[in-house]
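Visitor: Have a look at this prediction, sequence included:
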Amino acid sequence: MFCGPAHRQRAYEARRKADAVGLDPDALIVSRDQLAHLQDRLWALRDALAVAEDAGKGRPTAPELVAVIGQVRDAADDLDQLWLAPRD
């Protein structure tokens, strides 16, 4: 379930902290800015996929497909950099 002892320890610490303040162990607390950023990136992914879907109704050109792939890659790369970690 865990990729290593450090992640297992962090999960244990997060569960203990959640229990200490009366939160559900699966609760996730993020700032409004973090949530807004995540929602923006997800919107960018949905938008890129909608463009691809619209292009698929006809015969999309290679430049159209390259542009859509670039949008998806950019949004996914940005999401990959978004890590939410427990605070000490």
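Guide: Yep, it's here. Numbering: from 1, shown residues only.
Visitor: Which residues are in contact with the spatially most central residue of the chain?
Guide: For the chain, the residue nearest the mean C-alpha position is residue 79 (4.6 Å; CA atoms, centre = their mean). By CB atoms under 8 Å, 6 or more residues apart in numbering, the residues touching residue 79 are 38, 41-42, 45. Heads up, the C-betas are built off the backbone N, CA and C, glycines and all.
Visitor: and these, which of them are in helices?
Guide: Among the contacts of residue 79, DSSP state H puts 38, 41-42, 45 in helices.
Visitor: Including neighbour count, could these go into CSV?
Guide: Formatted as CSV, the ones in helices among the contacts of residue 79 follow (neighbours: other CB atoms under 10 Å):
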residue, neighbour count
38, 15
41, 19
42, 12
45, 17
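Visitor: For those residues, work out which two are farthest apart.
Guide: 38 and 45 (10.8 Å; CB to CB).
Visitor: Work out for me the element the residue nearest to the centre of the chain sits within.
Guide: Assessed by DSSP states H and E, residue 79 sits inside helix 62-80.
Visitor: Could you do residue 33 as well?
Guide: Here residue 33 is assigned to helix 32-56, by DSSP H and E.
Visitor: how big is the angle separating that helix from helix 62-80?
Guide: Angle of helix 32-56 versus helix 62-80, following axes from the mean of the first three to the mean of the last three CA atoms, to 10 degrees, is 160 degrees.
Visitor: List the buried residues for helix 32-56?
Guide: 41, 44-45, 48, 51-52 (16 or more other CB atoms under 10 Å).
Visitor: which other helices and strands contact it?
Guide: With contacts taken as 3 or more CB pairs under 8 Å, 6 or more residues apart in numbering; DSSP states H and E, helix 32-56 sits against helix 62-80.
Visitor: List the buried residues for the helix it packs on?
Guide: Within helix 62-80, the residues that qualify as buried are 64, 67-68, 71-72, 75, counting by 16+ other CB under 10 Å.
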